[in-house]
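Peer 1: coordinates for the following, if possible.
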Amino acid sequence: MKKKILVLCTGNSCRSQMMEGWIRFFGKDSVSVKSAGVETHGVNPKAIKVMAEADVDISNHTSNHIDEYLSESFDMVITVCDHAKERCPVFPSNSDKRHYNFPDPAKAVGTPDEILDQFRSVRDQIRDYAKNLVSEVTN
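Peer 2: Numbers count the residues shown, from 1 in each chain. Sure, this is the predicted structure:
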């Protein structure tokens with residue numbers, strides 16, 4: 001049976017979108033993953049770009065609000081930023097809750113290349129986390 005995973009972040013624009021993309025990539029048919037935010041900011045074009053560089057297409061993802069999933073049950077709920085963890089609604093107690101506070105690449109400053117490098121760095125951190133997570137939940 002597929003593990004159902006929900007990834008939460010503040011605006012569902014960068015970190016949660018990248019995590020959803022990586023979990024889909026590594027989990028293939030063994031997981032069902034959705035992402036949402038406590039707010040919706042749209043999918044960040046820089047997140048789409050750096051994920052495409054890694055051959056993961058998130059260009060068709062949508063920015064969803066957590067309220068859309070409150071009636072669903074999930075095997076695991078992952079918060080990828082402290083703000084979402086603090087504002088996360090209560091999910092059924094049988095959900096495995098995970099948290100990792102990844103840096104917010106949307107707050108990156110510098111030249112366009114420096115900003116993209118920060119997006120890439122976060123993408124790679126999320127990739128490593130997602131790879132380990134999928135390995136754990138599918139074994």
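Peer 1: okay, buried residues for the longest helix along the chain please.
Peer 2: Ranked by residue count under DSSP state H, the longest helix found in the chain is helix 112-138. The neighbour-count check on helix 112-138 (16 or more other CB atoms under 10 Å) flags 115-116, 118-120, 122-123, 126-127, 129-130, 133-134, 137 as buried. To be clear about C-beta, it is placed using only N, CA and C from the backbone, and glycine gets the same treatment.
Peer 1: so what's Pro105 up against?
Peer 2: Counting by CB atoms under 8 Å, 6 or more residues apart in numbering, Pro105 touches Cys14, Arg15, Asn44, Lys46, Ala47, Ile115, Gln118, Phe119, Ser121, Val122, Arg123.
Peer 1: ok, now how distant is it from Leu116?
Peer 2: Pro105 is 9 Å from Leu116, where distance means CB to CB, to the nearest Å.
Peer 1: closest to Tyr69 out of the contacts of Pro105?
Peer 2: Set against Tyr69, the nearest of the contacts of Pro105 by CB to CB is Arg15 (17.1 Å).
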